[in-house]
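Peer 1: any chance you can model this:
(one chain, ligands or ions: 1)
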Amino acid sequence: MPKPPNTVGSRSILLAVTPGGFGGPGTTLVEELLCLLEEHVSKEAEYLVTKFLQLMEEQKRFEPYRYLVVSVANVICAMCFGKRYEHEDQELLRLVNFSEEFTDVTAAGNPADFIPLLRYLPSRSMKLFLDFNRYFLSFLQKRVKEHYETYDENNIRDITDSLIEQCLDKKLGANTATQIPKEKIVNLVNDLFGAGFDTTTTALSWSLMYLVTNPSMQRRIQEELDRTIGRERRPRLSDRGTLPYTEAFILEMFRHSSFLPFTIPHSTTKDTVLNGHFIPKDRCVFVNQWQVNHDEKLWKDPETFNPERFLSADGTKVNKEDGEKVLVFGLGKRRCIGENIARWQVFLFLTTLLQQLEFSVGEGGRVDMTPLYGLSLKHKRCEHFQVRLRFPAKGRS
Ligand code: HEM
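Peer 2: As a prediction, the model looks like this:
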């Protein structure tokens, strides 16, 4: 079984670097991250608009996932390493393509988890799994090494610099809980990078699938964008809270797809009683998020995709309590550390794309929403996506 991404106590260390957690209240670093995130997502979303239009010119249709994944990887790369890659960059492409194989391999399960002796036999999937981890680690090690070589304490460029700063902070003394040992920096960046791009891409990709299968919802989001933001300026993170239907749509995408049906495996540290059920010490436990999101006691017609379930009767507000019932980022101490980053990214990518483009699926294209079994639930790729520019934009022919 793959190890959970966060195996070195990185949560406490990361929280120390960014007090309050990413997106938590009131620290300069968090504000800087917010600015960085906004800048990079806007740039990438703008790139996608141009790319999708170009693909329409050249091929009349396209498959969006392969472009989304590079854009999302670029955002997390820019935040961790201050570096954006060209979409044709072979190093980054190899990484994201490798990551897909990784997802396939982990989806297959590993019999050695149940019969430990099997681990001594050759296994193709274990080899792929190890190869991916090696490649991923060497990619990150290279970036961290470059950062050490060019580090300037008066110019903290990104998360890696900030981790190095924390590691070199002599004032903390050797035994402080917040001091980061040098060799852990790669693990920390690995946690963020590894957990951050496949998940967010999957969320965006499911969003596009729901949009093309529900054109009236797409129109309603676009009307809301036109009314609230207009067509002149691009959406910003500060627009969150002013677009209730769009936010309800995103919540419903998370709930209905439940694309991370289970959390990362955890283990009980002592005998535990939960809701009257006894769970012994050292038992592997997961949260079944899919069940919570499709529980008939919590949701009316849970199998129906209906963003309005999250709106007040007059449609002007998102019901916060209902929104909080949607379970996609786990629960408790080990819940997702990148939740806010992920929510912000999904919001900004979608609003920027939908402000300018109308998505559809061309004739003969089949949209198959059946979830594919895996580490996360993906859908079958659809090669028949089309876009249309909603209005002539300045500087775009
Ligand atoms: C839509 C996107 C995302 C979803 C649905 C998601 C969901 C999750 C879930 C379900 C867990 C396991 C929680 C548990 O086991 O209780 C998790 C853990 C984690 N996530 Fe995310 N995540 C997303 C994006 C991100 C991003 C963008 C980052 C980093 C920037 C990130 C970093 C992490 C880390 C480091 C952990 C391990 C936390 C720990 O073990 O303490 N995630 N995520």
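Peer 1: run through this protein and note the low-pLDDT ranges.
Peer 2: 1-30, 32, 108-109, 170-179, 393-397 (pLDDT under 70).
Peer 1: residues from it in reach of the ligand?
Peer 2: Counting by Cβ under 6 Å from any ligand atom, the residues of the chain close to the ligand are 4-6, 11, 191-192, 195-196, 199-200, 203, 260, 263-264, 328-331, 334-338, 341-342. Quick note: C-beta positions are derived from backbone N, CA and C, even for glycine.
Peer 1: which among those count as buried?
Peer 2: Neighbour counting with 16 or more other Cβ atoms under 10 Å marks 5-6, 11, 191-192, 195-196, 199-200, 203, 260, 263-264, 328-330, 336-338, 341-342 as buried within these.
Peer 1: how about the secondary structure of Leu36?
Peer 2: Under DSSP: H, G, I helix; E, B strand; the rest coil, Leu36 falls in the helix class.
Peer 1: renumber starting at 5 from here on
Peer 2: All right, first residue 5 from here; so that's Leu40.
Peer 1: distance check, it against Lys47.
Peer 2: Relative to Lys47, Leu40 is positioned 11 Å away (Cβ to Cβ, to the nearest Å).
Peer 1: equivalent analysis for Arg237, please.
Peer 2: Taking Cβ to Cβ, one finds Arg237 at 15 Å from Lys47.
Peer 1: out of the two, which sits in the busier spot?
Peer 2: Lys47 (15 against 9; other Cβ atoms under 10 Å).
Peer 1: and the helix or strand where that one lies, which residues are buried?
Peer 2: If you go by DSSP states H and E, Lys47 is part of helix 32-63. Applying a neighbour-count criterion of 16+ other Cβ under 10 Å, the buried positions in helix 32-63 are 33-34, 37-38, 40-42, 44-46, 48-53, 55-57, 59-60.
Peer 1: and it, how far from the chain's centre?
Peer 2: Centre-to-centre, helix 32-63 and its host chain are 15 Å apart (Cα atoms, centre = their mean, to the nearest Å).
Peer 1: what ranges do the helices span in the protein?
Peer 2: Here the chain has its helices, by DSSP state H, at 14-21, 32-63, 69-85, 94-111, 128-154, 163-172, 189-217, 219-232, 248-261, 293-297, 324-329, 343-360.
Peer 1: quick one: which of the ones you listed is nearest Lys382?
Peer 2: Within the helices of the chain, the stretch nearest Lys382 is helix 189-217; the backing value is 6.1 Å (Cβ to Cβ).
Peer 1: measure how the closest one sits relative to helix 248-261, angle-wise.
Peer 2: Interaxial angle of helix 189-217 relative to helix 248-261 (axes from the mean of the first three to the mean of the last three Cα atoms, to 10 degrees): 100 degrees.
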